[in-house]
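*Asks:* Fold the following.
(one chain, ligands or ions: 1)
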Amino acid sequence: MNGTGSSFRPARRIEELGVSEILQITAHAAARKREGRPVVILGAGEPDFDTPDHIKEAAIAAIRRGETKYTALDGSPEMKRAIRDKFRRENELDFAQNEVTAAAGAKQILYNAMMASLNEGDEVVIPTPCWTSYFDIVRIAGGVPVAVPCGAETGFRLTPEALEAAITPKTRWLLVNSPSNPTGSAYGEEHYRPLIEVLHRHPHVWLMVDDMYEHIVYDGFRFVTPVALDPSLKNRSLTVNGVSKAYAMTGWRLGYAGGPAALIAGMAVVQSQSTSCPSSVTQAASIAALDGPQDFLASRRESFAARRNLVVDALNAIPGLSCRTPEGAFYTFASCEGLLGRRAPDGRTLRTDREFCAYLLDAVDVAVVPGAAFGLSGYFRISYATSHEELRQALDRIAQACSLLTEGHTA
Ligand code: PLP
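*Replies:* The predicted structure is shown next:
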């Protein structure tokens, strides 16, 4: 029974799951803002840029042409052609038409893949900290997420030793995300090769890679995707991507993937009984995104890089905080461990990253997300996909809030 007196009884598969902590924090911060407080929210997982005009125009033209009906289930032939071209052009990956799929976001792609492949108790190895949805998608599909802690000492990357130790006869997938949400860490060829060697020793383990932030990398970092490095992995890998982050299209909802035909067909079965095809209009926009000019990505990257530098430098200048310089995405993942145990002016002792983040919101109206939400305590994530001005303001306020903390007495 819930508080409204309803007799609703949740299914076991969702009993233990809650709404994402990021959404809860953002909602709480937004409510404070509505009350008139000058809240800066650094929690959003989306670019602050607008969708480029040529993409919008393609959608409008599609509507005018009457492309407003169902399309083929997991992407129109033209959508699949654009996906195959993208994989060939940017990743040197050759997929056949029945080896690619499109869905309403990369999130749905991941969901379809887990639903199509996991049986009760199957394990998915997930380097952690990780995007919050991975664990619950695996759980809903009946699987068991196996978190492998990857700390700052390895640049938040999975090591071959840790992978080897995590694999059991029940392991179905290794799920890797590079560049990563929440750390911004990315795997270069030198990081992937040793992991691939481990996978060769365990042919029952499949590889799912989430390349959502492929285009958001800095300082000349060379993005690579594992199947391009070792094509022998192709028959047991799913390479996931989407238009949300690269093209500032989070609201349009289109993700895509390439993988073995049998897996892609299984994913289509799941999709056929949930959402059917992705929006026809969104597919037209996404084809324009993938086929169209890519030069604007460079200037957006530069803009993100400037903001990354601003945030990393400002965080590292605050005594008690420390932040690694990320290779990609638009997040920093800074340690606040140096400040835990300190006391706030209102008397409370900040024992955890969650308490530290709650203090920032209460004391200086800055909303950030605790590392615990991503599976690694002692850290907090900033999304710097917001204006320089807001970032400067927020960082000044964080510095001020940190300076007010005093050596605490643990109560
Ligand atoms: N993968 C990662 C690592 C993400 O951070 C996100 C969104 O935040 C997604 C996938 C989902 O993207 P989409 O909007 O395509 O569902």
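
*Asks:* who in this protein is up against the ligand?
*Replies:* When proximity is defined by Cβ under 6 Å from any ligand atom, the chain lies next to the ligand at 45, 105-107, 131, 177, 181, 210, 212, 242, 244, 250, 255. Every C-beta, even on glycine, is put in place using the N, C-alpha and C of the backbone.

*Asks:* can we see that at 5 Å?
*Replies:* Gly45, Gly105, Ala106, Lys107, Trp131, Asn177, Asn181, Asp210, Met212, Gly242, Ser244, Gly255 (Cβ under 5 Å from any ligand atom).

*Asks:* and those, which of them are in helices?
*Replies:* Ala106, Lys107 (DSSP state H).

*Asks:* Which residue in the residues of the chain next to the ligand has the weakest pLDDT?
*Replies:* Lowest pLDDT within the residues of the chain next to the ligand is found at Gly45 (86).

*Asks:* That residue and Leu297: what is the separation?
*Replies:* 18 Å (Cβ to Cβ, to the nearest Å).

*Asks:* So between those two, which is more surrounded?
*Replies:* Applying other Cβ atoms under 10 Å to Gly45 and Leu297 shows that Gly45 carries more neighbours, namely 22 against 15.

*Asks:* Just confirm that one contacts Ser383, I think it does.
*Replies:* Yes. Counting by Cβ atoms under 8 Å, Ser383 is a contact partner of Gly45 at 6.2 Å.

*Asks:* just the strands in the stretch 1-150 of the chain please.
*Replies:* Under the criterion DSSP state E, counting those that start in this stretch, the stretch 1-150 of the chain contains strands at 40-41, 100-103, 123-128, 144-149.

*Asks:* where along the stretch 201-350 of the chain do the strands fall?
*Replies:* Using DSSP E, counting those that start in this stretch, strands in the stretch 201-350 of the chain cover 206-210, 237-242, 255-258, 322-323, 331-335.

*Asks:* Just tell me which of these ends up closest to Ala116.
*Replies:* Closest approach to Ala116 among the strands of the stretch 201-350 of the chain is made by strand 237-242 (9.9 Å; Cβ to Cβ).

*Asks:* Dump that closest one to PDB, keeping only the CA atoms.
*Replies:* This file holds the C-alpha atoms of strand 237-242, laid out as PDB (Å, rounded to 0.1, in the frame of the first residue of the first chain):
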ATOM      1  CA  SER A 237      29.800  -7.200 -29.600                       C
ATOM      2  CA  LEU A 238      27.200  -4.400 -29.700                       C
ATOM      3  CA  THR A 239      28.400  -1.000 -30.600                       C
ATOM      4  CA  VAL A 240      26.000   1.600 -29.200                       C
ATOM      5  CA  ASN A 241      25.700   5.300 -30.200                       C
ATOM      6  CA  GLY A 242      23.200   8.000 -30.600                       C
END
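
*Asks:* Can we start the residue count at 53 from this point?
*Replies:* All right, first residue 53 from here; so that's strand 289-294.

*Asks:* check contacts around the closest residue to the ligand within the stretch 153-302 of the chain.
*Replies:* Nearest to the ligand in the stretch 153-302 of the chain, going by Cβ to the nearest ligand atom, is Gly157, at a distance of 2.7 Å. Gly157 makes contact with Gly294, Ser296, Arg305, Leu306, Gly307, according to Cβ atoms under 8 Å, 6 or more residues apart in numbering.
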